[in-house]
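# Structural data only, the sequence is not supplied:
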């Protein structure tokens, strides 16, 4: 007898794989289709699609079934529509310690661990001064006394964006609340055989002890994670292939990520309707639309990555094991959080991260795509989505988003009830013809001078 959960998942797949409105022209993105994808991907049955979990696997199976139903083919060299990779999960003991000079603080004594933590570190320390995150020093370990409130995110992103591996924050009321909700042993993840992404560690230190540590910063810092439990699991990418008519014309990659935060320790589901069921829905509807009509010169890869939330592991695996050579991919469009519109943007328009780094966004906009430059360059969004793994390998790659700083981000409110389905539908529709043009033209996007990121 099949486990009841698998029977439910199979029934859901069968239900949602059926056309919702057969009479609608395939190139027209139908609001009912958009809502149907979201209802399954961000519904209770998938339990928040936790990274590298069975729920993520079911989400990938759903996307793969849709790809097959649209008439896509397995990508070159693949015998199906999914790509799997082994993931190592490392869970610290919950008794890590930080030492700077003669001051040592452990988790048992009040050190708060917000992320990472499984990799030991020893390095010099830089102390941030001033009130501009962009002016942070470049250092392996950096100490920051952030302002109260959500603006701390800008400092954290800036530090990690500059390559810091350990960020030490002076406690505020907001950070103290975050520590109280955090697990004392936050797991770190890595692809099998790779360095754990947990090497990027974020800790919070009580104000008085932080001030004592600051005075000792010139002596360097030591991070000791303590013993850890190591387990192996699997992450899954869904991959569909629409062949082109000219093998020498290149390939377009359209992608989003499948996963979200899963289920919290208290049993609460983090649904992730906007992040990033909305992007996955967009990939599905673009696959439906672009697979209709006359064939294009260029082939198109449609991909839904696993494990973005734990360090972009699915896209990193794809970048190292692409079904077509990366040199043949002329552009990558990633789609993330298009379920709501930023009130600062013109009506109906999405933003593209790193817009000025290449001529890709301008070309799509000229063809009618509802996109504009990123309003939040200080947040380093270009480096915080799956496009970055391809950009580091030389592919012109950007992410589009509806509202990158939406208040529902990583919150309990990221549910289907808070999506703007009409906005999503119009946004996806605006991409169809520009991408069809790109797939049929000779235009090859290029990096602007200094636009291509370099591996650190």
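Good, I have the coordinates. Because the structure is a prediction, the values reported are computed rather than measured.
# longest single strand anywhere in this protein?
Scanning the chain for the longest strand, with DSSP state E as the assignment, gives strand 228-242.
# Which elements pack onto it?
In terms of contacts (3 or more CB pairs under 8 Å, 6 or more residues apart in numbering; DSSP states H and E), strand 228-242 is packed against helix 54-69, strand 82-92, helix 278-290, strand 299-305, helix 313-320. (Each C-beta comes from the backbone N, C-alpha and C, glycine too.)
# Which of these has the lowest mean pLDDT?
Taking the average pLDDT of each of the helices and strands packed on strand 228-242, the minimum falls on strand 82-92, with a mean of 91.
# List the strands paired with the very next helix or strand once past that strand, with their directions.
Note on strand 82-92: by DSSP states H and E, the next helix or strand toward the C-terminus is strand 97-100. In the sheet, strand 97-100 lines up against strand 103-106 (antiparallel), strand 221-224 (antiparallel) (DSSP bridges).
# Please enumerate residues in contact with strand 97-100?
104-107, 111, 125, 168, 203, 205, 213, 216-217, 219-224, 226 (CB atoms under 8 Å, 6 or more residues apart in numbering).
# try stretch 135-145
Counting by CB under 8 Å, 6+ apart, the neighbours of stretch 135-145 from elsewhere in the structure are 121, 123-128, 155-156, 158-159, 162-170, 210, 213-214, 217, 220-221, 223.
# shaky segments in this structure?
Residues of the chain meeting the criterion pLDDT under 70: 1-26, 183-186, 195-199, 456.
# for it, which helix is longest?
When the chain is parsed with DSSP state H, its longest helix is helix 421-440.
# helices or strands next to that helix in the packing?
The contact analysis (3+ CB pairs under 8 Å, 6+ apart) places helix 421-440 against helix 31-41, strand 251-257, helix 278-290, strand 329-335, helix 360-366.
# State whether residue 45 is indeed within a strand.
No: secondary structure assignment places residue 45 outside any strand; it is helix (DSSP: H, G, I helix; E, B strand; the rest coil).
# that older thread, could you identify which of the strands paired with strand 97-100 is most buried?
The highest average neighbour count among the strands paired with strand 97-100, using mean count of other CB atoms under 10 Å, belongs to strand 221-224 at a mean of 19.
# Centre of the chain to that strand, how far?
29 Å (CA atoms, centre = their mean, to the nearest Å).
# same question, stretch 151-168
Between the centre of stretch 151-168 and the centre of its host chain there is 17 Å, according to CA atoms, centre = their mean.
# what about it, start to end distance?
Looking at stretch 151-168, the gap from its leading to its trailing residue is 16 Å under the measure CA to CA, to the nearest Å.
# residues making contact with it?
Counting by CB under 8 Å, 6+ apart, stretch 151-168 makes contact with 98, 119, 121, 123, 125, 128, 133-134, 136-144, 146, 169, 172, 174-175, 199-203, 205, 210, 213, 221, 223, 378-380, 383-384, 456, all of which sit outside it.
# which parts of that stretch are buried?
152, 154-162, 164-168 (16 or more other CB atoms under 10 Å).
# Can you tell me which of these end up in helices?
Secondary structure from DSSP H places 152, 154, 155, 156, 157, 158, 159, 160, 161 of the buried residues of stretch 151-168 in helices.
# how about the residues you listed in JSON lines, adding distance to residue 85?
Output for those, formatted as JSON lines (distance: CB to CB, whole Å):
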{"residue": "152", "distance to residue 85": "33"}
{"residue": "154", "distance to residue 85": "32"}
{"residue": "155", "distance to residue 85": "32"}
{"residue": "156", "distance to residue 85": "27"}
{"residue": "157", "distance to residue 85": "26"}
{"residue": "158", "distance to residue 85": "30"}
{"residue": "159", "distance to residue 85": "28"}
{"residue": "160", "distance to residue 85": "23"}
{"residue": "161", "distance to residue 85": "25"}
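# Pull the most distant pair out of those.
When CB to CB is used, the two most widely separated members of these are 152 and 161, lying 14.4 Å apart.
# Leaving out the residues flanking it, which one is nearest to residue 426?
In space, not counting the residues next to it along the chain, residue 426 is nearest to residue 348; the distance is 5.7 Å by CB to CB, 6 or more residues apart in numbering.
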